[in-house]
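1. fold the stuff below for me.
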Amino acid sequence: MANILFQNALLKRRQAVPPIWFMRQAGRYHSHYRKLKEKYTFEQLCKTPELAAEVAKGPIDEFDFDVAILFSDILFVLEGLGLELKFDPAPKFSSFINANNYKNYNNINKAIEHLKFQAEAIKFTRESIPNSKSLIGFVGGPWTLIRYAFGKDHFNNDNKKLYFDFLSSTLVPLLKQNIKLQLEAGAEIVMIFDSSLYDLAGLICKITSFSKICQSIFGSSITLGSERN
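-> Just a heads-up that it's a prediction; the model follows:
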């Protein structure tokens, strides 16, 4: 890793100047992004690797940030499983997973094949930014993705056994493969964004299965970025 500032931050080493980057640093506030958005849809910007790289490197070129971030969306894993997704402009699914159909959405290999545009976007981004800059990938956290997959308006803690069965059998293995895909493509680390933990009931937090699910991601055998020197 050529970016010593970023490496030191990952290893929690004291340093006079920290590396600078921001979540959503490539987005609507940025004139570079808005100009691209005049020509292309959000999906096109994410799924066309050259365009995703162009969006990701915009803040590096203009602000000299230390880290670029894959330009993508956490919900594409669910699209890969077969849920029809569109952005209008917020994400919308035409249907949701439920107790009657959840076994129809378990093809992990198909989902990873669908996500290969992320790997290509990472490769193009890595080629387009200086070697002194780092590159972050990301996936959605399991609880946030479960809420989207089953529909926020239909979510019911009485169905927690179904949710955890789907997490352990499909979603967590898929996330692990998605993390691996991004690391192998050139991301130095992959961050996990879980924005819906605020409503995860205390009772559910304490059950063993949720603890094991978290451990299966964070404690997996995948080599993480801070170890890729």
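
2. for the residue nearest the centre of the chain, what are its contacts?
-> Nearest to the mean C-alpha position of the chain, by Cα atoms, centre = their mean, lies Val139 at 2.0 Å. Residues counted as contacts of Val139 (Cβ atoms under 8 Å, 6 or more residues apart in numbering) are 74, 77, 175, 178-179, 182, 190-193. Every C-beta, even on glycine, is put in place using the N, C-alpha and C of the backbone.

3. and it, what helix or strand is that in?
-> Assigned by DSSP states H and E, Val139 belongs to strand 134-140.

4. how about the CA coordinates for that strand, as PDB?
-> Extracted in PDB, the C-alpha atoms of strand 134-140 (Å, rounded to 0.1, in the frame of the first residue of the first chain):
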ATOM      1  CA  SER A 134      -6.100   4.500  -1.800                       C
ATOM      2  CA  LEU A 135      -9.300   2.900  -2.900                       C
ATOM      3  CA  ILE A 136     -12.200   1.800  -0.700                       C
ATOM      4  CA  GLY A 137     -15.000  -0.600  -1.600                       C
ATOM      5  CA  PHE A 138     -18.200  -1.100   0.300                       C
ATOM      6  CA  VAL A 139     -21.200  -3.400   0.900                       C
ATOM      7  CA  GLY A 140     -24.400  -2.900   2.800                       C
END
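
5. now do it: distance to the chain's middle.
-> 6 Å (Cα atoms, centre = their mean, to the nearest Å).

6. any stretches of the protein with poor pLDDT?
-> For the chain, the stretches with pLDDT under 70 are 1, 197-229.

7. quick one: the helices in this protein, in order.
-> 4-10, 31-37, 42-47, 49-63, 76-81, 108-114, 116-128, 142-150, 160-166, 172-185, 202-206, 208-218 (DSSP state H).

8. pull the residues that contact the second one.
-> Outside helix 31-37, the residues that touch it by Cβ under 8 Å, 6+ apart are 26-28, 45, 51, 54-55, 58-59, 61-62.

9. the third one now?
-> Contact partners of helix 42-47, identified using Cβ under 8 Å, 6+ apart, comprise 36-37, 51-52, 55, 71-73, 76, 86-87, 89, 117, 121.

10. could you pull out the buried residues of that helix?
-> 42, 45-47 (16 or more other Cβ atoms under 10 Å).

11. output it as CSV, nothing but the C-alphas.
-> What follows is helix 42-47, C-alpha atoms only, in CSV (Å, rounded to 0.1, in the frame of the first residue of the first chain):
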residue,chain,number,x,y,z
PHE,A,42,-27.6,7.0,-11.7
GLU,A,43,-27.7,3.3,-12.8
GLN,A,44,-25.6,4.0,-15.9
LEU,A,45,-23.1,5.8,-13.8
CYS,A,46,-22.8,2.9,-11.4
LYS,A,47,-23.0,0.0,-13.9
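
12. let's number from 29 now, not from 1
-> Done: numbering now begins at 29, and the last item shifts to helix 70-75.
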